[in-house]
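[1] Would you be able to build a 3D model of this:
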Amino acid sequence: MTDPVNFGERIVRCPGCGEDTYYSPRNPYRPFCSARCKGLDLGAWASESFRVAADAPPDDEPFGDPKLQ
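    Predicted structure coming up:
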């Protein structure tokens, strides 16, 4: 019986450095190319470098939990 979900190996860009890397079980760092790129990405998340831009509310406008207002 064959595995119907086996797509084989794909070559993808490493999100850390942009180099080509294999996205397959033989690459333990996927989707990254190395432990270094994986660690740098984890460090960026831990230091909160990845943020969603948001406008701060004006000082005269209340914000937070509506039940407390």
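[2] who are the neighbours in contact with Thr21?
    Applying Cβ atoms under 8 Å, 6 or more residues apart in numbering to Thr21 gives the contacts 11-14, 27, 29-33. Every residue, glycine included, has its C-beta placed from N, CA and C.
[3] Out of these, who's the most crowded?
    Comparing the contacts of Thr21 by number of neighbours (other Cβ atoms under 10 Å), Phe32 comes first, having 23 neighbours.
[4] hang on, the earlier thing: cross-reference the contacts of Thr21 with the helices and report the matches.
    Counting by DSSP state H, no part of the contacts of Thr21 is found in helices.
[5] Now render these as a markdown table, adding distance to Ser47.
    Below are these laid out as a markdown table (distance: Cβ to Cβ, whole Å):
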| residue | distance to Ser47 |
| --- | --- |
| Ile11 | 30 |
| Val12 | 25 |
| Arg13 | 23 |
| Cys14 | 20 |
| Asn27 | 26 |
| Tyr29 | 20 |
| Arg30 | 23 |
| Pro31 | 21 |
| Phe32 | 18 |
| Cys33 | 22 |
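[6] wait, what's in contact with Ser24?
    8-10, 30.
[7] wait, which of the contacts of Thr21 is closest to Gly43?
    If you rank the contacts of Thr21 by distance to Gly43 using Cβ to Cβ, Phe32 comes first, at 12.6 Å.
[8] Pro15 is in contact with that closest one, correct?
    Yes - assessed by Cβ atoms under 8 Å, Phe32 is found in contact with Pro15 at 6.7 Å.
[9] tell me the contacts of Cys37?
    Neighbours of Cys37 in contact, by Cβ under 8 Å, 6+ apart: 14-17, 29.
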